[in-house]
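Engineer: Dropping the sequence and predicted coords here.
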Amino acid sequence: MAFAWLVLSATGSVVTLAAVMICNVVPNGLLILAGGAVTDRWSPRWVMFCSHLARGLLVSGLSAATLTGSVRLWQLYAMAAAFGLADAFFWPASGSLVPLLADPGDLPAANAVVATGEQAAMIAGPLLGGAVLTAFSPAAVFAVNAATFFTAAVTISRALAAVTPRQHQRRPTRGLLSSIAAGLSYARGTAGVRAVLVIVSASTLAYSGLFAVALPALVRASGHGSLALGALIACWGAGQLLGAISAAITGLPRRWGLLITGMALGEGTAFAVIGAAASVPVACGLLAVLGAGIAYASDVALPTWIQLSTPPGCSAGSAA
């Protein structure tokens, strides 16, 4: 949130904000398969640790540059690209960590617990970021953010202490490119995985533009401050928290594919209404409703299906 606000404040251009965010998603998209393969060969714990540490150092540098007033546009492009690179390794590793810590029968509940924690942070984080940004400066927000990454690095280094030796999967010895090719071959030959890839690609296309560009532009054009942007993201987080708790209570739907299809239609309608209304309160309400449905349909059901359907000897990170 603070990064998007910094780009808009420094350049006043929505086109520049979009270009900066493209620099973030391109390395992520190109290297996320390599991230899954590296996780297979190494360890989700250490891949996540290195990613947290790298992002903490990146945000610390941005905080120092912002504080001294030495931020340049090329630095924002470089920061976005480096963050995308770190994320490309973090997300496959995080997706393969839960199955190491929970039995197969407990995966739905475990994923719901993880999603609940994420969404609780999604409520508190943007509101805190908006308040700090309003009261102090972007440098202060980035300093707090850097501290959270360093704290997460320490935490993840201890996360697998409860994993017994028998739970550690033997890492494949094939090369990196061979691992990527095997993952693509598995995805191409499995109808369910192909459908999931289409769903995830469409969702990423829709939501990256919404959160990275459209919402900051909406808030700025309507004359509101950064706290309103934080409130929008927090409304999304509140809805997702409700959806994750519901999933934890009710379990997975029997035909979650129909639920995801219905949610896709609802998302398209909601996006159109948000764009037509150009109202922060309307956007808050619709994002809360969407967040609840997305958390129930995708944040719990989808990762659980991937984890349970991943063949032995292949991590859920590389399958995802």
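Structural biologist: Nice, thanks for sending it over. Owing to the predicted nature of the structure, the values given are computational and were not obtained by experimental measurement. Numbers count the residues shown, from 1 in each chain.
Engineer: all helices for this structure, in order.
Structural biologist: For the chain, the helices defined by DSSP state H occupy 2-11, 14-41, 44-67, 73-101, 107-135, 138-156, 176-188, 191-209, 215-221, 226-250, 256-277, 280-294, 301-309, 316-319.
Engineer: Out of those, which is the most enclosed?
Structural biologist: helix 316-319 (a mean of 26; mean count of other Cβ atoms under 10 Å). C-betas here are computed from N, CA, C, even on glycine.
Engineer: Throw the helices of the chain into TSV and include mean pLDDT, thanks.
Structural biologist: Below are the helices of the chain laid out as TSV (pLDDT from 0 to 100):
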stretch	mean pLDDT
helix 2-11	86
helix 14-41	83
helix 44-67	91
helix 73-101	86
helix 107-135	81
helix 138-156	91
helix 176-188	67
helix 191-209	74
helix 215-221	86
helix 226-250	81
helix 256-277	81
helix 280-294	87
helix 301-309	65
helix 316-319	46
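Engineer: Which residue, other than its chain neighbours, is closest to residue 123?
Structural biologist: residue 237 (4.1 Å; Cβ to Cβ, 6 or more residues apart in numbering).
Engineer: Go ahead and confirm the one you found touches residue 129.
Structural biologist: No. When contacts are counted by Cβ atoms under 8 Å, residue 237 is not listed as touching residue 129 (11.9 Å).
Engineer: now stretch 3-15: how far from the chain's centre is it?
Structural biologist: On the basis of Cα atoms, centre = their mean, to the nearest Å, stretch 3-15 sits 21 Å off its chain's mean C-alpha point.
Engineer: And stretch 137-148, by the same measure?
Structural biologist: 19 Å.
Engineer: can you tell me how far the residue nearest to residue 123 sits from residue 291?
Structural biologist: Note on residue 237: its distance to residue 291, by Cβ to Cβ, to the nearest Å, is 7 Å.
Engineer: same check, this time on residue 10
Structural biologist: 30 Å.
Engineer: repeat for residue 32
Structural biologist: Distance from residue 32 to residue 291, by Cβ to Cβ: 24 Å.
Engineer: Residue 259 now?
Structural biologist: According to Cβ to Cβ, residue 259 and residue 291 sit 15 Å apart.
Engineer: go on, residue 28?
Structural biologist: For residue 28, the distance to residue 291 - Cβ to Cβ - is 22 Å.
Engineer: Residue 103 now?
Structural biologist: Going from residue 103 to residue 291 by Cβ to Cβ gives 29 Å.
Engineer: Please apply the same query to residue 93.
Structural biologist: Applying Cβ to Cβ to residue 93 and residue 291 gives a distance of 25 Å.
Engineer: Residue 218 too?
Structural biologist: Taken as Cβ to Cβ, the span from residue 218 to residue 291 is 17 Å.
Engineer: State the phi and psi torsions of residue 68.
Structural biologist: Residue 68 adopts backbone torsions of phi -90, psi 0, taken as degrees, to the nearest 10.
Engineer: should've said residue 43
Structural biologist: For residue 43, the backbone dihedrals (degrees, to the nearest 10) come out as phi -160, psi 130.
Engineer: Please report the number of neighbouring residues for it.
Structural biologist: 19 (other Cβ atoms under 10 Å).
Engineer: Tell me the confidence at residue 298?
Structural biologist: At residue 298, the pLDDT value in this model is 68.
Engineer: when you give positions from now on, start the count at 9
Structural biologist: All right, first residue 9 from here; so that's residue 306.
Engineer: which one is residue 247 nearest to, not counting chain neighbours?
Structural biologist: residue 299 is the one closest to residue 247 (Cβ to Cβ, 6+ apart), at 2.7 Å.
Engineer: Isn't the one you found up against residue 254?
Structural biologist: No. Using Cβ under 8 Å, residue 299 makes no contact with residue 254, being 11.6 Å away.
Engineer: how close does the residue nearest the centre of the chain get to residue 124?
Structural biologist: Centroid-nearest residue in the chain, with Cα atoms, centre = their mean: residue 99, separated by 7.5 Å. Residue 99 is 18 Å from residue 124, where distance means Cβ to Cβ.
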